[in-house]
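Colleague: Sequence and predicted structure, then a few things I'm wondering about:
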Amino acid sequence: MNILVVNCGSSSLKYQLINMDDESVIAKGLCERIGIDGSKLTHQPAGKDKYVVEHEMPDHTVAIKLVMDALVDPEHGVIKSTDEIAAVGHRVLHAGTVYSDSIIVNEDVKRVIRECFDLGPLHNPANLMGIEACEKAMPGKPNVAVWDTGFGMKMPEKAYLYAIPHEYYEKYSIRRYGFHGTSHMFVSGEAIKFGNLDPENAKVIVCHLGNGASVSASIGGKCVDTSMGLTPLEGLIMGTRSGDIDPAVVQFICNKEGKDVNEVLNILNKKSGVYGMSGGVSSDFRDIEAAAKSGNHLAEVALDAFRYRVAKYIGAYTAAMNGVDAIAFTAGVGENDKATRKAICEYLGFLGVKIDDQANDVRGKNAVISAADSKVKVMLIPTNEELAIARDTLALVK
Ligand code: ADP
């Protein structure tokens, strides 16, 4: 049974067609510059050459149509007809406080996605366009929404409520939601399996360290706390996002620079993080590391601060759970950067964390990287958000 996974951004659409019998990816691809001149589809069928289609894509409906054409193309396709797709799983950013579990899309679900446009202004409209495009292209085919906020919705009140007047939660649902939910769910689950941990009680901290970065704490796979908040701006230092700062900084910059709140928030989202700290070297961690190595002091401090912040969150989440059984690293930096994993773990000697340098010399595959006598299992678990979405979709339509 094949599941199509769709992840829509405002001008992009990523997809994977997954054969759920063996969970293999039979084709994947990307539509870029939707609604902009020069749109193109890059389609990669497994075991065949890449196929690029340069074609106008005024909207997501046209993009989905081109994806369908590519999937059934006699030469570059992987299926004979769209009847071979059982269902479509969509990554959807925000369901407010309404949904946490994945759900088959109906008119109510679409209404909730629409009502949450202000909570996810960049993503929710695009996610809804993707769903409606699939409805048009494949009438009657089930579409499933898998929420990026779903994992964080299981947090207890003491973790998700901000210490602001309660009326704002009641009126506007302002709370910590957390993001990268499918990744945290997938990686914490895989860590429990791969590490042979108690599925009901294992205390796991997942460090999703990519351009966007977040940490979660979960017990038996159920989220206890997570570092991103109402929006993905809170928590760790990221490629271009500041993560935690004193909110008064916003007012201070507004006053000193004659900017409004929106402009400063834009700076905190797009011009801060290691990019801003390093004086504009790059938002890419490889560039930051190269600059730090060649003696750029600000890049060195940015990298140190990034790692230090991750370690502080691990400390805090260990306290939140009164212990930790496993720490799992994932995403671009977490899966590829052994120096960062080691540097973070060096802060955690007090927990009895010990990294095995040889075991840590690994990338992109499940591995235990801690020493045999480490009190906490440290692992590398590559994330696979598409597979997590496909599994949830299959479970709902089977
Ligand atoms: P996102 O999905 O948030 O865009 P990814 O999870 O793809 O991010 O991670 C991208 C980040 O991973 C980039 O900043 C990149 O520099 C970093 N990265 C990839 N490989 C390495 C590596 N070998 N060492 C350090 N950083 C790396």
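Modeller: It's in. Please read these numbers as outputs of a predicted model, since none were measured by experiment.
Colleague: C-alpha only now, for contacts and for neighbours.
Modeller: OK.
Colleague: So which residues on the stretch 251-398 of the chain come close to the ligand?
Modeller: Contact residues (Cα under 6 Å from any ligand atom) of the stretch 251-398 of the chain with the ligand: 284-286, 331-333, 336-337.
Colleague: Touching, Ala100 and Ala145? I think so.
Modeller: That one is not Ala; residue 100 is Ser. No. With contact defined as Cα atoms under 8 Å, Ser100 does not reach Ala145; the gap is 10.2 Å.
Colleague: Settle it for me: which of these two has more neighbours?
Modeller: Per other Cα atoms under 10 Å, whichever of Ser100 and Ala145 has more neighbours is Ala145, with 29 against 19.
Colleague: In terms of helices and strands, where is Ser374?
Modeller: According to DSSP states H and E, Ser374 maps onto no helix or strand at all.
Colleague: Next one, pLDDT for it please.
Modeller: On the pLDDT scale, Ser374 is placed at 98.
Colleague: Which ones among the residues of the stretch 251-398 of the chain next to the ligand lie within strands?
Modeller: Among those, no residue falls in strands (DSSP state E).
Colleague: Filter those down to the buried ones, PyMOL style.
Modeller: If you want just the buried ones from those in PyMOL, going by 16 or more other Cα atoms under 10 Å, the selection is:
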select buried, resi 284+285+331+332+333+336+337
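Colleague: Output the residues of the stretch 251-398 of the chain next to the ligand as JSON lines; include the columns distance to Val310.
Modeller: Below are these laid out as JSON lines (distance: Cα to Cα, whole Å):
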{"residue": "Asp284", "distance to Val310": "17"}
{"residue": "Phe285", "distance to Val310": "15"}
{"residue": "Arg286", "distance to Val310": "18"}
{"residue": "Ala331", "distance to Val310": "14"}
{"residue": "Gly332", "distance to Val310": "15"}
{"residue": "Val333", "distance to Val310": "12"}
{"residue": "Asn336", "distance to Val310": "16"}
{"residue": "Asp337", "distance to Val310": "14"}
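Colleague: how far does the longest helix along the chain sit from the chain's center?
Modeller: In the chain, ranked by residue count with DSSP state H as the criterion, the top helix is helix 297-321. Here the centre of helix 297-321 is set off from its chain's centre by 19 Å, with Cα atoms, centre = their mean, to the nearest Å.
Colleague: what packs against that helix?
Modeller: Under the contact criterion of 3 or more Cα pairs under 8 Å, 6 or more residues apart in numbering; DSSP states H and E, helix 297-321 touches strand 203-209, strand 213-219, strand 222-226, helix 273-277, helix 285-293, helix 338-346.
Colleague: low-confidence ranges in the stretch 51-200 of the chain?
Modeller: By pLDDT under 70, the stretch 51-200 of the chain contains no weakly predicted segment.
Colleague: okay but Leu233 is in contact with Ile245, surely?
Modeller: No. Between Leu233 and Ile245 there is no contact under Cα under 8 Å: 9.8 Å.
Colleague: State the phi and psi torsions of Asn269.
Modeller: The phi/psi pair for Asn269 (degrees, to the nearest 10) reads phi -80, psi -40.
Colleague: Can we start the residue count at 59 from this point?
Modeller: Noted, 59 is the first residue going forward, which turns the last one into Asn327.
Colleague: what's the distance between the spatially most central residue of the chain and Asn394?
Modeller: The residue lying closest to the centre of the chain (Cα atoms, centre = their mean) is His238, at 3.1 Å. As for His238, its distance to Asn394 is 18 Å (criterion: Cα to Cα, to the nearest Å).
Colleague: Ok, Ile346 next?
Modeller: In this view, Ile346 and Asn394 are 14 Å apart by Cα to Cα.
Colleague: possible to save the helices and strands packed on helix 355-379 as a markdown table with mean pLDDT?
Modeller: Converted to a markdown table, the helices and strands packed on helix 355-379 look like this (pLDDT from 0 to 100):
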| stretch | mean pLDDT |
| --- | --- |
| strand 261-267 | 98 |
| strand 271-277 | 98 |
| strand 280-284 | 98 |
| helix 331-335 | 98 |
| helix 343-351 | 97 |
| helix 396-404 | 98 |
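Colleague: so the residue nearest to the centre of the chain sits right up against Trp205, yeah?
Modeller: No. Between His238 and Trp205 there is no contact under Cα under 8 Å: 9.3 Å.
Colleague: How many neighbouring residues does Lys98 have?
Modeller: Neighbour tally, Lys98, other Cα under 10 Å: 20.
Colleague: Give the bridge partners for it, please.
Modeller: Applying DSSP bridges to Lys98 gives these bridge partners: Glu90, Glu112.
Colleague: got the contact list for it?
Modeller: Applying Cα atoms under 8 Å, 6 or more residues apart in numbering to Lys98 gives the contacts 89-91, 110-115.
Colleague: for those, which one is nearest the ligand?
Modeller: Of all the contacts of Lys98, Glu90 has the smallest distance to the ligand: 15.2 Å, by Cα to the nearest ligand atom.
Colleague: Need the per-residue pLDDT for the closest one.
Modeller: Glu90 is assigned a predicted lDDT (pLDDT) of 94.
Colleague: Counting neighbours, what do you get for it?
Modeller: 21.
Colleague: So it sits against Cys66, correct?
Modeller: No. Look at Glu90 against Cys66 with Cα under 8 Å: they stay out of range, at 10.3 Å.
Colleague: What is the end-to-end distance of stretch 98-113?
Modeller: Stretch 98-113 has an end-to-end distance of 6 Å (criterion: Cα to Cα).
Colleague: Now it: buried residues?
Modeller: Buried, per 16+ other Cα under 10 Å, within stretch 98-113: 98-103, 113.
Colleague: Dump those to TSV, plus distance to the ligand.
Modeller: What follows is those, written out as TSV (distance: Cα to the nearest ligand atom, whole Å):
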residue	distance to the ligand
Lys98	20
Leu99	19
Thr100	18
His101	19
Gln102	18
Pro103	21
His113	26
